[in-house]
Each structure stands twice: as structure tokens, then as C-alpha cells.
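1. kindly return the folded structure for what I paste below:
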Amino acid sequence: MYKYEGLVVHQSHDDEGVIEVVDNNGERALHFGSPARQSSMLMADPNRLHSFYARAMMALLLFNDDPRDVLMIGLGGGTIAKFMLHQFPECRLKVVEFRSSVLKVARSHFGLPFNSRLKVKIGCGAEHVRRQSQELSEIHDVIMIDAYGENGMAPEVGSQRFFDDCRSLLKPDGVLVINLWGTDKAMFQQVSWHMGRIFSWRMLFLPVRNRGNVIGFAFGENFPKLQFKTLITKAKALELQYQLEFPVFMQDFKRNNPSLLHRVLKP
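-> Purely as a prediction, here's the structure:
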């Protein structure tokens, strides 16, 4: 069966809806019953980050190039988790995914490995951070949020309470990264407002070129202010190391954050 201009190699249903995997010209994509891609992978190079938004989320390496303890809300095809495991041998990942069916497909069709450094919990991400924040604090140096379904971003991860709980779990010098859908103006404004209030407006936004995604970055209260020029140099080195467009990310940070840049970076 052909759909979304490709060959459907997997289709299943759970209580949340349809899960489809579609192959097209050497690319494999995960869909939740709509043309929007939830994850994508180059079948000839499965450990490489392929989708534009996933590449932009890794702009976090400009601010932390050695992540050690990462919480991920939302798994999708597992491409970001797989990249982190492959590139950072000391990194430990805790992933909270709402749908067990998505985890099964990430294992079977996107090569998400079984690895002692990767723990996947099935459940609500917002509920997880709420319960964890009541027992623990300052345990993650990176929190990554990519929680989407067929109808867009999960509303549970857009509340002020959610970001307050995330801040409690984030180390004081840590970084929170969230994939936002810029064309959903109401949700984008709501999330931006909550992030700003909770993180004292220490945040930056990175629109994904030629896509509707906007990646938000929020920084812990003790995150050190970095020199912009120093990050330019670092971006060039990271581009060579990971084949990701870090210099472009720096250009777009500067262009799209005129009122926020000084809160995070030194001129």
C-alpha cells in the first residue's frame, strides 16, 4: 500500500490512533495517521540525524557538548535517543513515551537499541516530572521535550506546572530543549510565556528553516553566560565533528532573539 508518497511498511492501531511507517527513496518516516512526519531516518545511515527539527534540537551541544544525564519526554522513532547513545558513550538517557506501540515500532523499524544506558518508561511525561520533582531535584543536565500526537503538541507539556516541575529536575547549569510548532500560535505563545516566567526569560528560540518547527531553549539559573564569539568558533568545530549545521544555528539565534540574546550570551 502506498501513502504519503511512499510505501507503507508498517501500520497498526492503538487507543491513541494510527501508527504508520513509510519508506520513500531511502528514507523511512513515522506517521501518526497524517502526512506530518514524527521522525525520519536515512536507511543507509541510521545513526545520522536526518530530520531538520531533530538536527536543530542538537544545537544544545553549543551549550553542553558532553551531556551526561538526559531526560527525554517523547520518543517518536527514537532517532534522537539513538544519536545520543551513539555519540556520547557516557550519556545516560531516561525516556518517557506515552504509547507502548510507538516504542515497539522504534525498536522494530528504526533500530532503537537495547542498551543499559537507555531506560524507557511508558506513561505521561507531565505526570512523570510531577512525581519525580516531589522526590528529587537537580538530577538532569539536559531535558528534551518532543511530545506530539496526531493533533499536535500534547497539551500536558505546555502548562506552567510542567515547566516548574522541569526546572526542579534540571541542574542549575542545565538546559531544557523543546520542539514547538510555530504555526500553532496560541500554544506557542502559551508555552513561551510559561517558559519565560519559570526560567526568568533566560531562553532562546531557533526556528527550523523551511519548516514550521521552532526549537526553544531555556537555561538554568546558574548557566554561565558564554561569549557569542566563543560560540561561533565552537560551532565551526562542532560542525566538523557531527556534520550538523551549527554555524547556521548561530546565525539564526542572533537573527531571531534580539530581545533575549543578552540574557544568555555575552556580546
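2. quick one: contacts of stretch 224-240?
-> 61-63, 65, 173, 244-247, 249-250, 254, 261, 264-267 (CB atoms under 8 Å, 6 or more residues apart in numbering). Every residue, glycine included, has its C-beta placed from N, CA and C.
3. no no, stretch 42-54
-> Applying CB under 8 Å, 6+ apart, the external contacts of stretch 42-54 come out as 23, 26-28, 37, 39-41, 55, 58, 79-80, 82-83, 86, 110-111, 179, 208-211, 213, 215, 243-244.
4. again, only this time at 7 Å
-> 26-28, 37, 39-41, 55, 58, 79-80, 82-83, 86, 111, 179, 208-209, 211, 213, 215, 244 (CB atoms under 7 Å, 6 or more residues apart in numbering).
5. so of the contacts of stretch 224-240, which ones are in strands?
-> Among these, DSSP state E puts 173, 265-266 in strands.
6. just among those residues, which is most surrounded?
-> In terms of neighbours by other CB atoms under 10 Å, the ones in strands among the contacts of stretch 224-240 top out with Leu265 at 21 neighbours.
7. what sits opposite that one in the beta ladder?
-> On the basis of DSSP bridges, Leu265 is bridged to Leu226.
8. where does it sit relative to Arg28, distance-wise?
-> 37 Å (CB to CB, to the nearest Å).
9. now a PyMOL select for only the buried ones of the contacts of stretch 224-240.
-> Those of the contacts of stretch 224-240 that count as buried under 16 or more other CB atoms under 10 Å are selected in PyMOL with:
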select buried, resi 61+62+63+244+245+246+249+250+261+264+265
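10. just the buried members of the contacts of stretch 42-54?
-> 27-28, 37, 39-41, 55, 58, 79-80, 82-83, 111, 179, 208, 213, 215, 244.
11. show me where the stretch 51-200 of the chain has strands.
-> 69-73, 92-97, 118-122, 140-145, 148-149, 152-153, 170-181 (DSSP state E, counting those that start in this stretch).
12. check the ones you listed for me: which has the lowest mean pLDDT.
-> If those are sorted by mean pLDDT, strand 148-149 sits at the bottom with a mean of 69.
13. what sits up against stretch 196-209?
-> 52-53, 56, 59, 160, 163-164, 167, 182, 195, 214-219, 223, 249, 252-253, 256-257, 260, 263-264.
14. list the buried residues of that stretch.
-> By neighbour count with 16+ other CB under 10 Å, stretch 196-209 contains the buried residues 196, 198-199, 202-208.
15. how about those residues in a markdown table, adding pLDDT and distance to Gly17?
-> Output for the buried residues of stretch 196-209, formatted as a markdown table (pLDDT from 0 to 100; distance: CB to CB, whole Å):
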| residue | pLDDT | distance to Gly17 |
| --- | --- | --- |
| Gly196 | 95 | 32 |
| Ile198 | 96 | 31 |
| Phe199 | 97 | 33 |
| Arg202 | 97 | 37 |
| Met203 | 97 | 32 |
| Leu204 | 98 | 33 |
| Phe205 | 97 | 29 |
| Leu206 | 98 | 29 |
| Pro207 | 96 | 28 |
| Val208 | 96 | 25 |
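16. for Glu97, see how far away Ile215 is.
-> Distance of Ile215 to Glu97, given as CB to CB: 20 Å.
17. what does Met195 give?
-> Taken as CB to CB, the span from Met195 to Glu97 is 22 Å.
18. repeat that for Lys104.
-> Taken as CB to CB, the span from Lys104 to Glu97 is 10 Å.
19. check Lys234 too.
-> Separation of Lys234 from Glu97 (CB to CB): 32 Å.
20. so between those two, which is more surrounded?
-> Between Lys234 and Glu97, Glu97 has the larger neighbour count (other CB under 10 Å), namely 23 against 19.
21. wouldn't the more buried one be in contact with Gly123 here?
-> No. Using CB atoms under 7 Å, Glu97 makes no contact with Gly123, being 8.1 Å away.
22. Arg55 touches Leu244, doesn't it?
-> Yes. Counting by CB under 7 Å, Arg55 does reach Leu244; the two are 5.3 Å apart.
23. circling back: got a ChimeraX select line for the buried ones in the contacts of stretch 196-209?
-> Applying 16+ other CB under 10 Å to the contacts of stretch 196-209, the buried members can be selected in ChimeraX as follows:
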select :52,53,56,59,163,167,195,214,215,216,217,218,219,223,249,252,253,257,260,263,264
